[in-house]
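S.K.: sequence first, predicted coordinates after that:
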2 protein chains.
Amino acid sequence: MEYTIQKLGRMAGVSTRTLRYYDEIGLLRPARINSSGYRIYGPKEVDRLQQILFYRELGMSLEAIREVISSPSFDRVQALREHREKLLEKRAQLDLLLINVEKTIEACEGRIAMSDQEKFIGFKQKLVEENEEKYGREARDKYGDEAVDRANRKVLNMTKEQHEELESLSRELAETLRAAVKTGDPAGELAQKAADLHRKWLCFFWDEYSGEAHAGLARMYVEDERFRAYYDKDQPGTAAFLRDAILIYTGLKE
Amino acid sequence: MEYTIQKLGRMAGVSTRTLRYYDEIGLLRPARINSSGYRIYGPKEVDRLQQILFYRELGMSLEAIREVISSPSFDRVQALREHREKLLEKRAQLDLLLINVEKTIEACEGRIAMSDQEKFIGFKQKLVEENEEKYGREARDKYGDEAVDRANRKVLNMTKEQHEELESLSRELAETLRAAVKTGDPAGELAQKAADLHRKWLCFFWDEYSGEAHAGLARMYVEDERFRAYYDKDQPGTAAFLRDAILIYTGLKE
DNA sequence: AGTTGACATTAACGTAACGTAAAGGTGTAA
DNA sequence: TTACACCTTTACGTTACGTTAATGTCAACT
């Protein structure tokens, strides 16, 4: 099956300008040019465009997309599996946003209170997106001078190191918490380590740490059933366990 | 609670540059400037930023956001309810994309066939987004000269009229189909009207209509259990009913 | 045979929403 | 007092296209 630029655009839901731009930057070249200079796209281009749109949907830059799908080691099925994972992550984040908006409505109506922290839960998807952009380049640069370059510099929001630390911190927290819940003892070593990791994680966003605020957030995790359902979805009771651990950690257990 | 620019940025997950930009364009002004010229944000600004981020998440332009939330008739709770609806739509579209990626994986592995149309299911969210941008302005312009202006012009992808026609067509199709399913007769008048509406809807994207392709798409809706589950989610049996109606409509019932 | 009107082309300037860098003032902890 | 993380304004750069202009192509109607 062959398509002119408009037909392909209509089918895929993109403008002709977009397709010409993709041609211009070498991201998606037409299969051939007919005698009148028209761009003609074939089945291979259709599939490539689909791949491009998947990556675009996940917030990757066109430059990075081109590097990835033009790589000789590019594995289409593998890429699709990764898309699936990323789309699932995105949906989880969307669910958080939905909880957020529902809670905000109730807060507006004065039925519940809401901390400033809570008001921004679910907006952090950027962390995922930025991640992707960098991984594409890093693979090519093989952790070259860019890493060394940025190492000695401060960046506005977060340096790459901070970002990576945050990622590994999140993972460590999740693992520790999972193990701690199994012990069943919120005063135990593992649980207290989890509370400490949670404090460190918070300090990435807060920068004025107080035990009261920490404990307040912990209570909030549990008191609102919708958030609790989200946090408990892997292991029931996790939110309550973390709250108890934090209350002990901060010495505010009353 | 008061925040400096960086603290607010960290909490909300946006850069300081973004906050300064929002100040510059009058979208989010700080509560006050302290004696050193520092921007200080208060609780009202926190809430306003949250609103801005909700709208931004839904793809609205900053200009349109400002118009909406600065309007004297702006109702915060009403806006939040709309956010909820839009977020739910977005999640539904994400689910379609997930089905798409899963089907594509199977198609890559040669287990199933996939039409070119199917490959782009779930990428149409732009229709929703563009919609929003315009509604914001239209409310202000009161369908002024812009409508007249664009009326006589051809637009690359779709004119506003085409877009609106598509929207109303989609609604009409959904309603007709819902009523037709209740009759239970795919050869009946309502069902055939639904099939005709579906053909018109298709012609917005296809532009080369053929009964075979139409029937092929109809079969596809039903044969794949995942798509079927999606289309049947309001009323079970809808997909199969539509397929039967289309097979009769195209005279290709074999 | 001419005209219309939807399609296609290149070229080039415009735009949104910031990123990034430069040059410098502020606040506090060592 | 020196370091260093914070703040400021100014200004140019970037991405991913939108938009306009000027022009060629093609099938259909008159």
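M.R.: Looks like it arrived, so ask away.
S.K.: what sits up against the helix or strand where A:Leu242 lies?
M.R.: Following DSSP states H and E, one finds A:Leu242 within helix A:238-249. Here helix A:238-249 makes contact (C-beta atoms under 8 Å, 6 or more residues apart in numbering or on different chains) with A:177-178, A:180-181, A:186-187, A:191-192, A:194-196, A:198-199, A:214-215, A:218-219, A:221-222, A:227-228, A:231-232, A:253. C-beta coordinates here come from the backbone N, C-alpha and C atoms, glycine included.
S.K.: redo that, cut-off 7 Å
M.R.: Helix A:238-249 is contacted from outside by A:177, A:180-181, A:186-187, A:191-192, A:194-196, A:198, A:214-215, A:218-219, A:221-222, A:228, A:231-232, A:253, using C-beta atoms under 7 Å, 6 or more residues apart in numbering or on different chains.
S.K.: run through the residues of the stretch 1-150 of chain A sitting next to DNA strand C.
M.R.: A:4-7, A:16, A:20, A:37-39 (C-beta under 7 Å from any atom of the strand).
S.K.: any of the residues you listed buried? List them.
M.R.: Neighbour-count burial (16 or more other C-beta atoms under 10 Å in any protein chain shown) applied to these gives A:4-5, A:7, A:16, A:39.
S.K.: from A:Leu217, how far out is A:Leu98?
M.R.: For A:Leu98, the distance to A:Leu217 equals 20 Å [C-beta to C-beta, to the nearest Å].
S.K.: tell me which element whichever residue of the stretch 1-150 of chain A sits closest to DNA strand C is part of?
M.R.: Nearest residue of the stretch 1-150 of chain A to DNA strand C (C-beta to the nearest atom of the strand) works out as A:Gln6 at 3.0 Å. Using DSSP H and E, A:Gln6 sits in helix A:5-12.
S.K.: show me what that helix is packed against.
M.R.: Contacts defined by 3 or more C-beta pairs under 7 Å, 6 or more residues apart in numbering or on different chains; DSSP states H and E place helix A:5-12 against helix A:16-24.
S.K.: can you name the next helix or strand after the helix it packs on?
M.R.: Assigned by DSSP H and E, the successor of helix A:16-24 is strand A:32-33.
S.K.: remind me which residues of the stretch 151-254 of chain A are low pLDDT?
M.R.: Low-confidence segments of the stretch 151-254 of chain A (pLDDT under 70): A:151-167, A:204-208, A:253-254.
S.K.: helices of that one, residue ranges please.
M.R.: A:160-183, A:189-203, A:211-223, A:225-231, A:238-249 (DSSP state H, counting those that start in this stretch).
S.K.: any idea which of the ones you listed is most buried?
M.R.: Across these, averaging neighbours per residue (mean count of other C-beta atoms under 10 Å in any protein chain shown) puts helix A:238-249 on top, at a mean of 22.
S.K.: find the nearest non-adjacent residue to A:Gln6, please.
M.R.: Once flanking residues are discounted, A:Gln6 sits nearest to A:Thr16: 5.7 Å by C-beta to C-beta, 6 or more residues apart in numbering or on different chains.
S.K.: re the thing from before, of all the helices of the stretch 151-254 of chain A, which one is nearest A:Gly122?
M.R.: Closest approach to A:Gly122 among the helices of the stretch 151-254 of chain A (C-beta to C-beta): helix A:225-231, 9.8 Å.
S.K.: how distant is that closest one from the center of its chain?
M.R.: Put simply, helix A:225-231 sits 19 Å off its chain's centre (C-alpha atoms, centre = their mean, to the nearest Å).
S.K.: helices or strands next to the helix or strand that contains A:Asp95 in the packing?
M.R.: Under the criterion DSSP H and E, the helix or strand holding A:Asp95 is helix A:76-108. When contacts are defined as 3+ C-beta pairs under 7 Å, 6+ apart, helix A:76-108 packs onto helix A:225-231, helix B:76-108.
S.K.: can you tell me which of those is packed in deepest?
M.R.: helix B:76-108 (a mean of 18).
S.K.: residues contacting the nearest residue to A:Ile33 once chain neighbours are set aside?
M.R.: In this structure, A:Ile33 finds its nearest non-sequential neighbour in A:Arg39, 6.3 Å apart by C-beta to C-beta, 6+ apart. Residues near A:Arg39 by C-beta under 7 Å, 6+ apart: A:5, A:23, A:30, A:33.
S.K.: got a pLDDT number for A:Arg39?
M.R.: pLDDT, A:Arg39: 97.
S.K.: next one: phi and psi at it?
M.R.: A:Arg39 adopts backbone torsions of phi -80, psi 130, taken as degrees, to the nearest 10.
S.K.: I'd like the distance between it and DNA strand D.
M.R.: Distance, A:Arg39 to DNA strand D, by C-beta to the nearest atom of the strand, to the nearest Å: 12 Å.
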